[in-house]
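Chemist: Following is a predicted model, sequence given first.
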Amino acid sequence: QVQLVESGGGLVQPGGSLRLSCAASGFTFSMYTMSWYRQAPGKERELVASISNPGGSTTYADSMKGRITISRDNAKNTVYLQMNSLKPEDTAVYSCRATLGFRQYWGQGTQVTVSS
């Protein structure tokens, strides 16, 4: 059974940091490109960051570039998203996605709220 379980979301003040985790199971994690997406209320889902495998090349959304880092630990079947200098406009549900060719899996998402 394929599972992607996100964690690490929550309420944080502007300027704060959060580290999101996405634990994968049920598929060969190391072969998949892993991505983080976010969706704010009333807005379309957008790609935040992705990390390929092998090689680990990364891509970042312009809106968050310089403030986020995506990484993966293939031994733990986990992908991370370190977010710094958070802004109220970063408030959204953050979800992870695994892709390999035509295969894709999604997690259920974790809420990130940036507010004072």
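Modeler: Perfect, I can see it now.
Chemist: what's the burial count for the nearest residue to Leu4 once chain neighbours are set aside?
Modeler: Leaving out its chain neighbours, the residue that sits closest to Leu4 by CB to CB, 6 or more residues apart in numbering is Gly107, at 3.5 Å. Just so you know, the C-beta spots here come from the backbone N, C-alpha and C atoms, and that holds for glycine as well. Residues lying near Gly107 (other CB atoms under 10 Å) number 21.
Chemist: distance of Gly107 from Ser35?
Modeler: Gly107 sits 11 Å away from Ser35, going by CB to CB, to the nearest Å.
Chemist: any low-confidence regions in the chain?
Modeler: 54-55 (pLDDT under 70).
Chemist: now the strands for it?
Modeler: According to DSSP state E, the chain carries its strands in the segments 3-7, 10-12, 18-25, 33-39, 46-51, 58-60, 68-73, 78-83, 92-100, 103-106, 110-114.
Chemist: contact partners of the first one?
Modeler: Put plainly, it is strand 3-7. If you take CB atoms under 8 Å, 6 or more residues apart in numbering as the criterion, strand 3-7 is touched by 20-26, 94-98, 105-110.
Chemist: And for Val12, the neighbour number?
Modeler: Count around Val12 with other CB under 10 Å applied: 18.
Chemist: May I have the beta-bridge partners of it?
Modeler: According to DSSP bridges, Val114 are recorded as the beta-bridge partners of Val12.
Chemist: Show me which residues of stretch 88-95 are buried.
Modeler: Across stretch 88-95, burial judged by 16 or more other CB atoms under 10 Å covers Asp90, Thr91, Ala92, Val93, Tyr94, Ser95.
Chemist: Just confirm Ala92 contacts Gly42, I think it does.
Modeler: No. The criterion here is CB atoms under 8 Å, and Ala92 misses it with Gly42 at 10.8 Å.
Chemist: ok, back up a step: overlap of the contact sets of Gly107 and Ser35?
Modeler: Common neighbours of Gly107 and Ser35 (CB under 8 Å, 6+ apart) are Cys96, Arg97.
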